[in-house]
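Novice: Fold the following.
(chains A, B, C and D)
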Protein chains: 4
Amino acid sequence: MSNSIKKIALLTGGGDCSGLNAVIRAVTRTAILQYGYEVIGYKFGYRGLYNNDFVNLDLDSVSGILAKGGTILYSSNKDNLFDYSVEENGKTVKKDVSDTAVENMRKEGVDALVVIGGDGTLTSARDFARKGVKVIGVPKTIDNDLAATDVTFGFNTAIEVATEALDRLHTTAESHHRIILCEVMGRNAGWIALESGIAGAADVILLPEIPYDIDKIVDKIRQEEKSGKLFSIIVVAEGAKSKDGEVVVSKIVEDSPDPIRLGGIANKLAYDLEKIIKDHEVRSTVLGHIQRGGITSTFDRILSTRYGVAAADLINEGKFGNMVRLKGDEISYVSLEEVIGNNKNVDPNGELVQIAKKIGISFGD
Amino acid sequence: MSNSIKKIALLTGGGDCSGLNAVIRAVTRTAILQYGYEVIGYKFGYRGLYNNDFVNLDLDSVSGILAKGGTILYSSNKDNLFDYSVEENGKTVKKDVSDTAVENMRKEGVDALVVIGGDGTLTSARDFARKGVKVIGVPKTIDNDLAATDVTFGFNTAIEVATEALDRLHTTAESHHRIILCEVMGRNAGWIALESGIAGAADVILLPEIPYDIDKIVDKIRQEEKSGKLFSIIVVAEGAKSKDGEVVVSKIVEDSPDPIRLGGIANKLAYDLEKIIKDHEVRSTVLGHIQRGGITSTFDRILSTRYGVAAADLINEGKFGNMVRLKGDEISYVSLEEVIGNNKNVDPNGELVQIAKKIGISFGD
Amino acid sequence: MSNSIKKIALLTGGGDCSGLNAVIRAVTRTAILQYGYEVIGYKFGYRGLYNNDFVNLDLDSVSGILAKGGTILYSSNKDNLFDYSVEENGKTVKKDVSDTAVENMRKEGVDALVVIGGDGTLTSARDFARKGVKVIGVPKTIDNDLAATDVTFGFNTAIEVATEALDRLHTTAESHHRIILCEVMGRNAGWIALESGIAGAADVILLPEIPYDIDKIVDKIRQEEKSGKLFSIIVVAEGAKSKDGEVVVSKIVEDSPDPIRLGGIANKLAYDLEKIIKDHEVRSTVLGHIQRGGITSTFDRILSTRYGVAAADLINEGKFGNMVRLKGDEISYVSLEEVIGNNKNVDPNGELVQIAKKIGISFGD
Amino acid sequence: MSNSIKKIALLTGGGDCSGLNAVIRAVTRTAILQYGYEVIGYKFGYRGLYNNDFVNLDLDSVSGILAKGGTILYSSNKDNLFDYSVEENGKTVKKDVSDTAVENMRKEGVDALVVIGGDGTLTSARDFARKGVKVIGVPKTIDNDLAATDVTFGFNTAIEVATEALDRLHTTAESHHRIILCEVMGRNAGWIALESGIAGAADVILLPEIPYDIDKIVDKIRQEEKSGKLFSIIVVAEGAKSKDGEVVVSKIVEDSPDPIRLGGIANKLAYDLEKIIKDHEVRSTVLGHIQRGGITSTFDRILSTRYGVAAADLINEGKFGNMVRLKGDEISYVSLEEVIGNNKNVDPNGELVQIAKKIGISFGD
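Specialist: Numbering: from 1, shown residues only, chains lettered A, B, ... in the order given. Here you go, the predicted model:
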């Protein structure tokens, strides 16, 4: 054994996505079978690390989880131990409690920590690395918008769900000659909309990265009509932006007489389009959380397994402070210092957008 | 040949659902192969009958459509030829144009008409039968709420889509210890919510037929918590009703400063529950149109085929003015006069609700 | 409580199929939540009863198993405690060890036994009932060939798997103008072949109940060719029988120089057809065990849940010696004495076969 | 327009796989919408080119085919126009008929040819390029064994089908404590077995590239037993090879008294393993043609679309004699001269095999 590691810990942070369990399984099996480590998992991300709330992970605890969505370690969204809400004298104050976390690991004999999460979770991972903790990061973002890695797990499953939904909407749109809008995830990056739109034979794709003009969407619908296609499918990223800079995010309107959640961009656009296009019904559907969970796709199971094994390997090699990643078809790693804050957006002039345009998809621009 | 039928016509009316094409295929193949009829299909339901807009149907035109959602004959929602909107002297007036329809059939040599549709479409079928047209009805309601028949096609596909969505929501809810609401179709009848809720392991099912009390829903969530299950799945029919009689249907608010579609009951309940249950995040998803289309389930393919063959058989037997139906495991028929307006609602004391309660599902009552 | 039941036991026997876990879950939840029973599960069917090998079942042990194929209690195929193989003085002898089983239950305080299984398993259930054990049977046969009940769970999942396979074979057959045979389960009863054949748009369906003539199959293929369809899909039940009475079951040939498993009827027919039809390639696929497992269909989840709740209800009502069943759309029960040995075969003159013939499917007869 | 192209032709050769139609659609749409070409498609690969048997392709003919398996242009397996079987004086002789093909294109005004196919089909494409035909190749191999490109379409769909089958076999194997072998495609290259084995949680994977020793397989099964896992899943490539060099391919035994197709390697191994491992049942399943067809996966739809657009782009740029390919995440191209005969096998020391070994998968070596 190349270094003095005897026991490692895992945690998952941020929103769930398909493949988290496959990573947990691969890290655990490799750690046990290949390197003889003990493995524990902190529950609810950093919160479990702070509360010393963990489970032992052995071959049996990771059996049968490869294809299962979600995370057996649970997750929480916003727990930053370097700026953590604690109760003091009956008040909630923000404190740096990272020393408690380090002390918890020390007492438990944890030599290294594998952190699986997105931008926020990995920022804390970097900060723990700076404190001297032996940390390995595994990137997680269902939106596939992390610059340091080509593909992240969960993304393929998400576009499979979205594409299947588009297949379903097609037959309905065609039967009634409707315009149907389908809103998919993507606040800041439009990858899910772009790839599911291409795979789901969309006529129009609207992204945060390419501001749209509603008149251009209407032009496209009219042009399809002329060529004999009397229905249209429009895929909209939830963060799609108009030329005027308008973004319509689903939200609660508290001060209305009937305070309920307003629909997002797809609902708004359906309303606006129906006013303009009077000879077709316009409908919208918001996929929401079904893009996150369920059975993990084959692609994501393999990618997650590769990430998980690579994370265990990095521990064995003593290469701490790094994040595993995929570049081209190769697994490699990159310093956590370089990862944070570098997002990857859809390039309006990139290959995928150009391909989509060449086969006739409009981006409303 | 037992009667003088030489040529028949089909039309589909109302909202699309899975299995329509399978019915069209079965009628057409049986008519041609078994009885030697010619077959045509009017497009867009009764509108095509009025406009004499049709296609010829042969073995080739129905090849490859068995599993495809939607209807190759297209459909329209509200065309009643007995009270039809026509332009006269620049004004839109309502007229009975059914004679034009009858005349169109006569000129085209159509001896009998197969009408596939729901309550509205079948009401017109009955009215044509009263006028002496040789009509056979085939029931279509994705909500499964027609009293005259045990099961209608499209329903099984819809609950499969809803159940798969619930499977996906489960892993996400579990990972974050969330309450997730999933809104499914069902304005007046809660069958989709009831059956997908049982199949999708819901904790709570809310139906139009069983008014709910939000405090009872909270009780159920708290009780699950006590037994160690820290998340809940709630299936809500879009027409679910509170004890106070409140129904929250998704709608457009025109006179607001920002006139957009408001969320429906699931969104409303998510908002209300989050105010009460402060220690869990509450999320909602509205499945919408993805319940209608896509690939038809095996069950619906077989049921639709049985209906279609039976419709052609009834024509051959000269039993006009009837609708095909399933009772128990047998295909039979019933007079169109008896069908109209007899809906089938979930019985709060019926077997399925009682079964659901016995395995611990709450109806919020 | 209507009788003195305090503790019940479950066991599953025979080949696995989808829905077993859903039954176990429904019995357990109803027993605990509704009637306050304790529940245990014997492992590996009757063998566990004999060896007193069991697990406690509570709400937690049946959580998450509703959709999972197989049985968490495990199963064995041929253990008949009334004629059981035991080792005595170094020799294996057959003995009636049912008293040991009864004694095991008595010692463990088990008041009633729910037996989930097929013909063999239910025969033993009846024999235990005759000995005075309080037994309830739940029918299980993936082939759907039990006369006493209309539908059994696992069947719908099996035909969904078979139909999806036929969908896949269609595109391949069409691209190469091939004849493709697909062998599905069904030694004695052809229900899976019949229903998946109708749902999967087969051209020919071969069943144990309708002996085929290979020349009639060739006629059908030639006739399709003439109408412009240059490929054919043939669904074959593994027990399909020729007019000569020949049945070709997949088997091991021990005394050959290279003793390996020979292909079954689909392979044999592919070989024979290719000799006759020289202008098309002929291929065969045997679906085998993939028809049994995986994710349980929505239909089967609901049916299994109904069976499971009904079994617990029968215990509560003290109606022992019976088997739950579905007739039409109603759950009821029937004496185990009447169930055994009454199989349900496809009726060559029944509705489904006639429907298939009317839409042009050949049975090779 | 950068060169004098006015009309292009497509053809598909070799065994079908998912994604062919998506390529046809992308080439056609880009050619028409972007470059204003006319497009035709030769039927049955090179045979149609020789017989001048083609269809016109426009936007309507490629509508609705994106997700459909197979090829709307049909395919044939072995037609090499440079060594083609023709009838002369009542005898079949082999001749170079490529001049006829060139002449057919000239007469039809076809300026460039897009050839979609595997090694054999692309070899002819190269030979036509050498004759001066303006050819672009698109690689097709479901086995993913072409060295010149990282990934080919159809492969992802194939491993999704295989992985779903493995998921189904798991529940059955677990319920009965069985050893189940699943044979997947891969005569010469084991990629499908390797990737579906990792994604499907196999215990053992057998490949053509890593000769197996049956004793090592038994060791692995026994070791799993000791750790409490009483069933095993073995994925076998059809061309898996034993240490003795034995390959057992499914074949017809003509001279046996009962000449039928013998089972392949999975059947053989099941037989052999059952002789050694007496305390478990051993079963085998051969997936066969269901790996080829059906609905194309999201991944393959996008990849095929990228290939198709790139092929049309290369024509526009006048870069003939090349094949499109994927390297890393980039579409590029390579000379057809460099492509032929360069296959890509699983590297026993490569990353994926090592990853599989680290998580405990045995290759029987």
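Novice: The helix or strand where A:Leu113 lies close to chain D?
Specialist: With elements taken from DSSP states H and E, the one containing A:Leu113 is strand A:112-117. No. Where contact is defined by Cβ under 8 Å from any Cβ of the partner chain, no part of strand A:112-117 touches chain D; the two come within 14.9 Å at best. The C-beta positions use only the backbone N, C-alpha and C, and glycine is treated the same way.
Novice: In contact with the closest residue in space to A:Ser98 that isn't next to it in sequence, which residues?
Specialist: Leaving aside its sequence neighbours, A:Ser98 sits nearest to A:Leu81 (Cβ to Cβ, 6 or more residues apart in numbering or on different chains; 4.8 Å). Neighbour list for A:Leu81: A:Tyr46, A:Leu49, A:Tyr50, A:Asp96, A:Val97, A:Ser98, A:Thr100, A:Ala101, A:Ser124 [criterion: Cβ atoms under 8 Å, 6 or more residues apart in numbering or on different chains].
Novice: now A:Val133
Specialist: Taking Cβ under 8 Å, 6+ apart, we find A:Val133 in contact with A:Val102, A:Met105, A:Leu113.
Novice: out of those residues, who's nearest chain B?
Specialist: When the contacts of A:Val133 are compared for distance to chain B, the smallest value, 19.7 Å, is given by A:Leu113; criterion: Cβ to the nearest Cβ.
Novice: For beta bridges, what are the partners of that closest one?
Specialist: Note on A:Leu113: beta-bridge partners A:Ala9, A:Val135, judged by DSSP bridges.
Novice: Roughly how far does it sit from chain D?
Specialist: The gap separating A:Leu113 from chain D is 20 Å, by Cβ to the nearest Cβ, to the nearest Å.
Novice: Quick check: beta-bridge partners of the residue in the stretch 251-365 of chain A positioned nearest to chain C?
Specialist: The shortest separation between the stretch 251-365 of chain A and chain C is 7.7 Å, found at A:Ile295 (distances taken as Cβ to the nearest Cβ). When bridges are assigned using DSSP bridges, the partners listed for A:Ile295 are A:Lys68.
Novice: ok, it - contacts?
Specialist: With contact taken as Cβ under 8 Å, 6+ apart, A:Ile295 is in contact with A:Ser18, A:Ala67, A:Lys68, A:Gly69, A:Thr157, B:Asp167, C:Ile295.
Novice: Need these in CSV (columns: pLDDT and distance to B:Gly117).
Specialist: Converted to CSV, the contacts of A:Ile295 look like this (pLDDT from 0 to 100; distance: Cβ to Cβ, whole Å):
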residue, pLDDT, distance to B:Gly117
A:Ser18, 95, 40
A:Ala67, 95, 41
A:Lys68, 94, 42
A:Gly69, 93, 39
A:Thr157, 96, 37
B:Asp167, 95, 32
C:Ile295, 93, 33
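Novice: By neighbour count, which of these wins?
Specialist: Taking other Cβ atoms under 10 Å in any protein chain shown as the neighbour criterion, A:Ser18 ranks highest of these with 32 neighbours.
Novice: Okay, that residue and A:Gly197: tell me how far apart.
Specialist: Between A:Ser18 and A:Gly197 the distance, using Cβ to Cβ, to the nearest Å, works out to 20 Å.
Novice: Skip the chain neighbours and tell me the closest residue to A:Ile214.
Specialist: By the measure of Cβ to Cβ, 6+ apart, the closest residue to A:Ile214 outside its immediate chain neighbours is A:Asp272, 6.1 Å from it.
Novice: My reading is that that neighbour lies in a strand. Confirm?
Specialist: No. Secondary structure assignment places A:Asp272 outside any strand; it is helix (DSSP: H, G, I helix; E, B strand; the rest coil).
Novice: ok now the strand holding A:Leu113, how far from the chain's centre?
Specialist: A distance of 17 Å separates the C-alpha centroid of strand A:112-117 from that of its chain, computed with Cα atoms, centre = their mean, to the nearest Å.
Novice: average model confidence for it?
Specialist: Averaged across strand A:112-117, the pLDDT comes to 97.
Novice: ok, now stretch A:310-323?
Specialist: Stretch A:310-323 comes out at a mean pLDDT of 98.
Novice: how does chain A divide into domains?
Specialist: Listed by the TED database, the domain ranges of chain A are A:7-153+A:296-328, A:158-292+A:347-359.
Novice: Which residue would you name as the spatial centre of chain A?
Specialist: Of all residues in chain A, the one closest to the mean position by Cα atoms, centre = their mean is A:Ile142, 1.8 Å from it.
Novice: isn't it right up against A:Gly19?
Specialist: No. Look at A:Ile142 against A:Gly19 with Cβ atoms under 8 Å: they stay out of range, at 9.2 Å.
Novice: ok, and the most crowded of the contacts of A:Leu81?
Specialist: Among the contacts of A:Leu81, where neighbours are counted by other Cβ under 10 Å, the top count belongs to A:Leu49, at 29 neighbours.
Novice: which residues touch the strand or helix carrying that one?
Specialist: When secondary structure is defined using DSSP H and E, the element that contains A:Leu49 is helix A:46-51. The contact list for helix A:46-51 (Cβ under 8 Å, 6+ apart) reads A:9, A:11, A:13, A:42, A:53-54, A:73-74, A:76, A:79-81, A:84, A:97, A:100-101, A:104-105, A:113, A:121, A:124.
Novice: same thing but at 10 Å, please
Specialist: Contacting residues not belonging to helix A:46-51 are listed as A:9, A:11-13, A:40-44, A:53-55, A:73-76, A:78-82, A:84, A:86, A:97-98, A:100-102, A:104-105, A:110, A:113, A:115, A:117, A:120-121, A:124-125, A:128 [Cβ atoms under 10 Å, 6 or more residues apart in numbering or on different chains].
Novice: thinking again about what came up before, wait, which of the contacts of A:Leu81 is closest to B:Glu338?
Specialist: Of all the contacts of A:Leu81, the one sitting nearest B:Glu338 is A:Tyr46; the distance, using Cβ to Cβ, is 65.4 Å.
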